[in-house]
Structure formats: C-alpha cells, structure tokens
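>>> With the sequence up front, the predicted model follows.
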Amino acid sequence: MTHAARPAFDGRFLGHAGVRVPVIGGAMYPCSNPELVGAVSAAGALGILQPISLTYVHGHDFREGIRLVRRLAGGAPIGMNALIETSSRAYHERMVRWVAIALEEGVRFFITSLGNPRWVVDRVASAGAVVYHDVTEAKWARKGVDAGVDGLIAVNDRAGGHAGDRNAAALREELAPFGLPLVCAGGIGDENGFTDALRLGYAAVQLGTRFIATGECNAHPRYKQAILDAGEEDIVHTERLTGVPVAVIRTPYTERVGLAAGPLARWMLRGRRRKRLMRTIYGLRSITRLKQSLNRGDADRDYWQAGKSVAHISTIESVADIVRRFEHAFHDPHERSAVAEYETDRARAGRSDSADASPSPAPVGGAIRRLGTITVGRKTPLDGKLEIDAEMAQVIGAYGYDVMYVVQAASGGETTSGLAKLTALACTCGQAGAGAAHTHHFLGSPPFKALEPGTSLALELDPAGFVRLEPAAGGAAA
C-alpha cells in the first residue's frame with residue numbers, strides 16, 4: 001500500500017509565538033473579553049486581544065486592559081489584532097497609538113487585517129515582534145509578503161466573520177509558494193479538524209467560534225446556545241452588517257431582513273469615494289449593533305457571528321479543556337510523524353547561528369520540570385535505562401517516546417543533538433503500583449558520539465513544552 005507524502009510540520013509559528021500549542025484564539029469583535037483572551041494564553045495557546053472589544057465593548061483603558069490580559073495569561077505571550085483599513089483617519093491614528101502602547105506593554109505578536117500591513121511591520125520589527133496578515137487569496141498575500149510580514153492567516157470559506165471563498169486545502173496550495181508559515185482559519189471546532197489542518201501542512205490553526213462557546217467568554221447564553229444548536233446549513237452570509245459578506249447564524253432576524261445589502265448601499269459601494277463613506281457608515285453602525293447583540297441575546301433583533309465549525313461544537317466547555325484536548329492531539333503518537341520531523345530539524349539546528357534557521361520557541365514561563373534520568377549504555381547506537389515515576393511515565397507516553405536532546409560533552413565542548421526514539425523494550429509499568437519507579441530500557445536512533453558510557457543525562461520538560469536531555473548533576477554514573 002502506498003501513502004501520499006505528508007508535508008513536514010512547520011514549526012515556525014511556535015517559534016514566532018513562543019507557545020507550546022499551535023492554536024490561536026482569534027480576535028473577535030465583540031466577543032474577545034479579557035478573561036477569554038487571557039485564558040487561551042494561560043492554557044498554552046496564543047490569545048489575541050481585539051482593541052475595540054477591549055475598550056468600547058468591555059470598558060477598559062487600552063493600556064490597563066493589556067495589563068489585565070497579561071495577568072490573566074499568567075505571563076504567557078499574548079497577541080494583538082490591528083485592523084489597518086484607512087477609511088477613517090481618526091481610527092488609523094488611534095490604531096497607531098494602540099500598536100505603540102502594545103509594544104511598550106510587551107506584546108510581540110501582531111495580526112493585521114483589512115489593509116496594507118507595511119506600517120505595522122516597520123513599526124514593530126525593530127522591537128523583535130512578528131506580524132501575521134489575514135488573507136483570503138494570493139492577491140492579498142502578495143501585498144503582505146511585499147510588506148515583510150512573517151506569516152499568513154489563511155481565512156477559508158468555513159470561517160466566521162469575514163470568510164474567504166476557498167476551502168482550506170485549496171487555499172493552502174495557493175499560498176504555499178510564498179514560503180511563509182500558514183495558519184488555518186475557519187471551520188475548526190474539534191481536535192480532528194485541528195490535526196487534519198496540520199496534515200495539510202498548516203503551521204497552526206485559529207479558532208473563533210469554538211472559544212465563544214466557553215465559560216470564559218461573556219457572550220449571552222442564548223448566543224452560545226445558538227452555536228450549540230446550529231449546523232453548517234444554519235451559517236449564512238449577510239451583506240447588511242459591513243457591506244461585504246459576514247458569516248452569521250441564521251435567526252428569525254436574518255430571515256426577516258434578508259441577507260443582501262439594500263439598493264442605496266450597493267450604489268454607494270460601487271463608487272470609489274462613495275465606497276469609503278459607506279464603509280465608514282457600515283463600520284460605525286455594526287460596532288454598535290454587535291455590541292448590543294453580545295449582551296441582549298435576542299434572536300429577533302441580533303446578528304450572531306459564527307463559522308461552520310458549529311457542526312462540531314455541542315457543549316459549553318472551559319478554554320483549558322479545549323486547549324488540553326488539542327495539545328494531546330498534537331502529541332498523539334498516531335499524529336506524530338510530521339511533528340517528529342520538525343523536532344528533529346529543530347534539534348539539529350540546536351545551537352546553530354544560521355540566519356535561515358527557524359527560530360526556537362521562547363520559554364512561556366514556569367520552571368523546567370525534571371522527568372527522570374537516563375544512563376548511557378555501552379552499545380551503538382545509544383542504549384540505556386530510563387527510570388521515572390508513574391506520573392512522569394504518562395507524560396513521556398504523551399510525547400510518543402520522541403525526545404529531543406541537545407547535549408554538550410564535558411570534554412572538548414562538542415555538541416551533539418538530535419531526536420532520540422525511545423523504544424520500550426522492557427517496562428515495569430504494568431506491574432508497579434502507584435507512585436513506584438518505572439523502568440524503560442530503550443534504544444536511541446542516533447548515537448551520542450561525544451559521550452562516554454555511564455554518563456547520566458537528565459530528562460526534562462522545558463517551559464516551551466519540549467522534552468529534552470541535559471547532562472545530569474554529578475556527571476558520569478558510578
């Protein structure tokens with residue numbers, strides 16, 4: 001039986017964002033309240049704050065709001081969405097100030113939408129920040145690439161809000177030649193959709209609707225229930241909010257007023273100067289209406305934005321539980337081949353100073369966790385014995401026995417790195433009681449050329465979520 005080649009996992013998003021789970025909690029107006037954004041980041045993904053939601057809907061001073069989100073995130077990275085369309089000079093000037101404040105408050109990940117992102121790239125690059133740009137097709141991607149963005153948010157035809165018109169696979173194929181990390185945005189409501197996107201070659205996914213149906217989101221309960229009750233066929237596209245199609249849940253209100261823009265609005269949107277005025281009118285009106293819909297929960301008067309991921313959402317959950325499931329799927333041994341290749345490449349880059357090496361994920365807070373100790377055996381390739389407790393045996397199992405190592409030898413300073421494939425040849429897990437020591441004998445795929453037999457290595461889980469081997473205290477074993 002032959003199998004189609006699977007694209008290698010693209011780890012650049014993890015490096016850019018400094019998170020351990022390749023998931024973005026998408027910025028949503030009006031649903032991105034601080035508690036939701038902070039919870040996404042605290043769980044190990046990347047929460048993105050939406051400035052107008054933060055200030056106008058939820059009533060926070062922008063700087064103090066960022067500080068609140070960072071506290072709720074427990075010091076983990078957060079990002080910011082910058083809507084960069086230029087129909088309003090006052091709005092643009094305010095966005096310039098917001099970006100500057102975000103940088104001052106330590107935000108280093110920006111997602112740009114609805115315009116040319118060059119000014120954002122120019123402003124944040126000197127601070128070491130990265131910019132990903134929302135796109136629905138190659139034409140808009142080219143503008144982002146020419147402006148110097150670091151990645152692309154690929155908005156497909158299953159997204160909520162302003163959706164694209166390509167499916168996820170076709171859009172990925174269209175955007176891949178630009179050579180930037182791609183984030184799949186649209187239609188993902190569970191871990192199956194997540195792993196499907198990674199198998200297509202996406203570096204991460206962006207969730208919006210799934211995070212509305214959580215305890216941390218303060219949307220009205222009837223809005224959340226509408227998400228649980230809806231199927232794909234209940235997602236419709238209305239032009240009456242912003243002048244361009246927006247994905248919303250079908251309600252008695254959308255049935256009554258229809259989906260197409262009125263004749264006057266269509267005429268205004270056809271003229272170059274009139275279009276700018278009409279978009280400003282639409283924008284101001286939609287900001288007010290969507291704020292009301294968040295709290296009112298009236299299906300006879302409100303628009304409820306959502307994407308086709310509603311088909312896979314059936315319960316209100318906590319953000320932590322959702323991200324935990326996605327993280328487990330990310331490290332599932334049956335889904336690991338592409339991820340393992342990425343970790344091997346990352347380990348080989350190791351201490352490399354190469355300019356084209358993908359950046360390594362930055363620590364996301366917390367201490368390195370000691371998992372156990374390995375003693376190097378006398379065979380080649382590496383063999384030895386791993387001793388860990390019952391809890392840590394489960395942790396290692398979740399990583400599919402793929403252990404990235406970077407080890408510097410005591411003599412000569414030689415660095416050895418790679419991916420150790422820990423194959424359990426004998427294990428006492430089934431016989432040992434709770435809390436008892438577990439012993440795994442293993443073979444590692446690459447040899448430790450620079451290490452003497454008997455050397456002890458510490459097996460650790462670092463703050464970025466990678467399992468690694470480091471020289472243990474005490475050096476060689478007796």
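Alright, I've got the coordinates.
>>> so G47 is in which element?
Element membership for G47 (DSSP states H and E) is strand 46-49.
>>> Quick check: what element follows that strand along the chain?
Going down the chain from strand 46-49, the next helix or strand is helix 51-52, by DSSP H and E.
>>> How about residues contacting that next one?
Y29, P30, F62, M80, N81, A82, L83, M95, W98, I287 (CB atoms under 8 Å, 6 or more residues apart in numbering). The way it works is simple: take the backbone N, C-alpha and C, and place the C-beta from them, glycine included.
>>> Sort out which one of these lies nearest Q225 for me.
P30 (17.6 Å; CB to CB).
>>> ok, the closest one touching T288?
No - in this structure, P30 is not within contact of T288 by CB atoms under 8 Å, at 10.1 Å.
>>> When these two are compared, which one has more neighbours?
Higher neighbour count among P30 and T288: P30, with 23 against 10, using other CB atoms under 10 Å.
>>> any idea how far the more buried one is from H58?
Distance of P30 to H58, computed by CB to CB, to the nearest Å: 8 Å.
>>> Quick check: R296 vs Y223, distance?
9 Å.
>>> Need the overlap of contacts for these two.
D302.
>>> higher neighbour count, the two?
Higher neighbour count among R296 and Y223: Y223, with 24 against 14, using other CB under 10 Å.
>>> residues near the closest residue to the more buried one other than its chain neighbours, how many?
Spatial nearest neighbour of Y223, chain neighbours left out: W304 (5.1 Å); criterion: CB to CB, 6 or more residues apart in numbering. Close neighbours of W304, defined as other CB under 10 Å, add up to 28.
>>> Surely W304 touches T251?
Yes - between W304 and T251 there is a contact at 6.6 Å, judged by CB under 8 Å.
>>> list the residues that contact both of the two?
Common neighbours of W304 and T251 (criterion: CB under 8 Å, 6+ apart): A226.
>>> pretty sure H328 is in a strand, no?
No - assessed with DSSP: H, G, I helix; E, B strand; the rest coil, H328 is helix; it does not lie in a strand.
>>> While we're on it, how confident is the model there?
Here the pLDDT value assigned to H328 is 90.
>>> Verify the assumption that I111 is located in a helix.
No - I111 sits outside any helix when classified using three-state DSSP, being strand.
>>> so what's it up against?
By CB under 8 Å, 6+ apart, I111 lies in contact with I24, A27, I48, G79, M80, N81, A82, V131, Y132, H133, D134, I153.
>>> Wait, the third one touches S41, no?
No - the pair formed by I48 and S41 falls short of the contact definition of CB under 8 Å, at 9.1 Å.
>>> Now do the shared contacts for those two.
Residues touching both I48 and S41 by CB under 8 Å, 6+ apart: G25, I78.
>>> Got the phi and psi for the residue nearest to V310 when sequence neighbours are not counted?
Nearest residue to V310 in three dimensions, chain neighbours excluded: A230, at 4.2 Å (CB to CB, 6+ apart). Backbone torsions of A230, given as degrees, to the nearest 10, read phi -80, psi 150.
>>> Could you report the pLDDT at A230?
Value for A230, per-residue pLDDT: 96.
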